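>>> Sequence isn't available, so here's the structure alone:
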């Protein structure tokens with residue numbers, strides 16, 4: 001039986017605003033999507049910029065023994081919108097992190113990416129929702145709101161942040177509705193909050209090759225430190241199948257019916273998992289540095305699992321060179337005359353793997369506050385120890401990158 005796979009990608013709350021519709025106290029405005037999917041290839045420079053951004057210092061996010069899932073595409077959309085609010089050194093730092101030269105050109109390229117990703121049919125959906133939540137007591141430049149509306153299909157929601165609890169509930173509800181209710185975040189705003197930008201991404205798709213539920217069995221999953229746990233493993237045999245490898249890891253890809261594919265990445269057994277850097281292998285992948293080989297028979301064993309986590313990303317962004325926007329040197333002068341800085345960058349994610357496909361949701365929030373305040377050669381690829389994964393679309397743009405230390409479902 002085939003079930004829809006839901007992937008919900010990134011909700012980005014940013015300290016900015018979008019223009020368009022006004023939010024009333026008892027309801028929230030929703031997104032108006034493009035009239036049709038525009039099947040044009042993604043601009044090569046945009047694709048390469050997102051690929052580079054996705055792996056830059058990414059090992060910092062995967063330290064520790066917890067499961068992790070991260071949506072680089074969600075964060076990239078949010079920072080792209082934030083770039084329109086900044087100037088001077090704050091802007092230069094964001095441009096370097098995003099790997100772009102000109103914001104106006106970048107806006108048009110992101111608009112093209114949005115249109116290319118947007119898909120909605122009976123079996124496939126990729127929906128991106130952008131919104132700007134504005135403190136009604138703060139003046140936000142119309143030019144800034146128009147850029148968000150025109151280039152990012154953003155709606156504008158004007159709010160009374162002097163009632164932060166009620167405002168947070170409304171924003172949380174909007175995020176939940178645009179991520180198929182997989183994520184129900186508790187958004188925090190303050191009376192001093194100037195603006196919040198929200199980006200959500202929703203994806204559903206099917207595995208191209210179905211797993212047979214009857215072959216799903218419990219078995220041992222080997223943790224670090226010589227410990228074990230029991231997991232429920234899906235099993236499949238694939239014949240004359242390509243795998244890829246480098247000096248430290250092996251890649252196996254499972255295609256999705258429409259969206260793209262999901263890579264499972266297993267470290268080689270002579271390498272301690274704690275010493276492995278996922279950025280090294282992903283860099284090899286994006287730069288054609290992997291070696292392909294065909295195995296006669298691939299025995300595939302993948303644990304059903306569910307990942308839920310919150311990531312606080314200010315330290316990570318500082319490692320990318322974004323320092324000014326988080327302190328007294330912040331320049332958000334293209335958004336407002338108010339003295340403001342970015343006070344929180346947070347991403348929450350839910351990601352499921354089962355026999356039918358993948359289901360996931362993520363939100364990233366960036367909040368701005370006032371500165372005043374072988375018989376045949378059988379190759380066994382058994383994910384019975386910690387592993388990484390990555391989901392890319394048909395243009396090879398990474399949407400999710402994750403680490404499973406201990407599967408749970």
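Nice, thanks for sending it over. Please read all numbers here as calculations on a predicted model, not as lab measurements.
>>> alpha carbons only for contacts and neighbour counts from here, please
OK.
>>> Give me the number of neighbouring residues for residue 243.
Residues contacting residue 243 under the criterion other C-alpha atoms under 10 Å number 18.
>>> what's the answer for residue 101, then?
With neighbours defined by other C-alpha under 10 Å, the count for residue 101 comes to 11.
>>> tell me the secondary structure for it?
coil (DSSP: H, G, I helix; E, B strand; the rest coil).
>>> got the contact list for it?
Contacts for residue 101 (C-alpha atoms under 8 Å, 6 or more residues apart in numbering) come out as residue 95.
>>> hey, where'd the helices end up in the stretch 1-150 of the chain?
44-55, 72-83, 88-98, 103-117, 142-152 (DSSP state H, counting those that start in this stretch).
>>> which of these is buried the deepest?
Mean neighbour count (mean count of other C-alpha atoms under 10 Å) peaks for helix 72-83 among the helices of the stretch 1-150 of the chain, with a mean of 24.
>>> how close does residue 132 sit to residue 152?
From residue 132 across to residue 152, the span is 11 Å (C-alpha to C-alpha, to the nearest Å).
>>> mind giving me the domain split of the chain?
As assigned by automatic domain parsing, the chain contains the domains 5-206+306-370, 213-304+376-404.
>>> Including mean pLDDT, could the ones you listed go into JSON lines?
Formatted as JSON lines, the domains of the chain follow (pLDDT from 0 to 100):
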{"stretch": "domain 5-206+306-370", "mean pLDDT": "86"}
{"stretch": "domain 213-304+376-404", "mean pLDDT": "93"}
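>>> okay, those domains, which one's buried deepest?
Mean neighbour count (mean count of other C-alpha under 10 Å) peaks for domain 5-206+306-370 among those, with a mean of 21.
>>> Hmm, residue 254 is touching residue 265, no?
No. In this structure, residue 254 is not within contact of residue 265 by C-alpha atoms under 8 Å, at 11.4 Å.
>>> Now for residue 132 and residue 152: what residues contact both?
Common contact partners of residue 132 and residue 152 (C-alpha under 8 Å, 6+ apart): none.
>>> If I look at residue 373, what pLDDT would I see?
Listed pLDDT for residue 373 reads 66.
>>> And residue 394, how far from residue 125?
Distance from residue 394 to residue 125, by C-alpha to C-alpha: 14 Å.
>>> for the closest residue to residue 384 other than its chain neighbours, which residues make a bridge with it?
Leaving out its chain neighbours, the residue that sits closest to residue 384 by C-alpha to C-alpha, 6 or more residues apart in numbering is residue 221, at 4.4 Å. Beta-bridge partners for residue 221, by DSSP bridges, are residue 229.
>>> Just list the residues touching residue 221, thanks.
By C-alpha under 8 Å, 6+ apart, the contact set of residue 221 is 228, 229, 230, 231, 383, 384, 385, 406.
>>> right, and the third one touches residue 219 too?
Yes. Using C-alpha under 8 Å as the test, residue 230 is close enough to residue 219 to be in contact (5.6 Å).
>>> What are the phi and psi values at the residue nearest the centre of the chain?
Nearest to the mean C-alpha position of the chain, by C-alpha atoms, centre = their mean, lies residue 71 at 1.7 Å. Note on residue 71: its backbone torsions stand at phi -110, psi 100 [degrees, to the nearest 10].
>>> mind listing what the residue nearest to it when sequence neighbours are not counted touches?
Computed as C-alpha to C-alpha, 6+ apart, the closest residue to residue 71 that is not its neighbour in sequence is residue 400, at 4.6 Å. Contacts for residue 400 (C-alpha under 8 Å, 6+ apart) come out as 9, 69, 70, 71, 72, 73, 389, 390, 391, 392.
>>> Name the helix or strand for residue 400, please.
Assigning secondary structure by DSSP states H and E places residue 400 in strand 398-404.
>>> between that strand and helix 72-83, how many degrees?
Using axes from the mean of the first three to the mean of the last three C-alpha atoms, to 10 degrees, the direction of strand 398-404 lies 130 degrees away from that of helix 72-83.
>>> tell me how far strand 398-404 is from the chain's mean position?
8 Å (C-alpha atoms, centre = their mean, to the nearest Å).
>>> Just the angle for it relative to helix 44-55, thanks.
On the basis of the same axes, to 10 degrees, strand 398-404 is oriented at 20 degrees to helix 44-55.
>>> which residues make contact with the helix or strand residue 172 falls within from outside it?
Assigned by DSSP H and E, residue 172 falls within helix 164-178. For helix 164-178, contacts defined as C-alpha under 8 Å, 6+ apart pick out 11, 27-28, 30, 129, 159-161, 182-191, 198, 200-202, 363.
>>> mind listing which of these are in helices?
Judged by DSSP state H, these include no members of helices.
>>> Residue 263 is in contact with residue 249, correct?
No. Here residue 249 does not reach residue 263: they are 11.9 Å apart, not a contact under C-alpha under 8 Å.
>>> Does residue 381 touch residue 301 like I think?
Yes. Between residue 381 and residue 301 there is a contact at 6.6 Å, judged by C-alpha under 8 Å.
>>> got a list of what residue 343 touches?
Residues near residue 343 by C-alpha under 8 Å, 6+ apart: 326, 366, 367, 368, 369.
>>> how about it, phi and psi?
The phi/psi pair for residue 343 (degrees, to the nearest 10) reads phi -100, psi -20.
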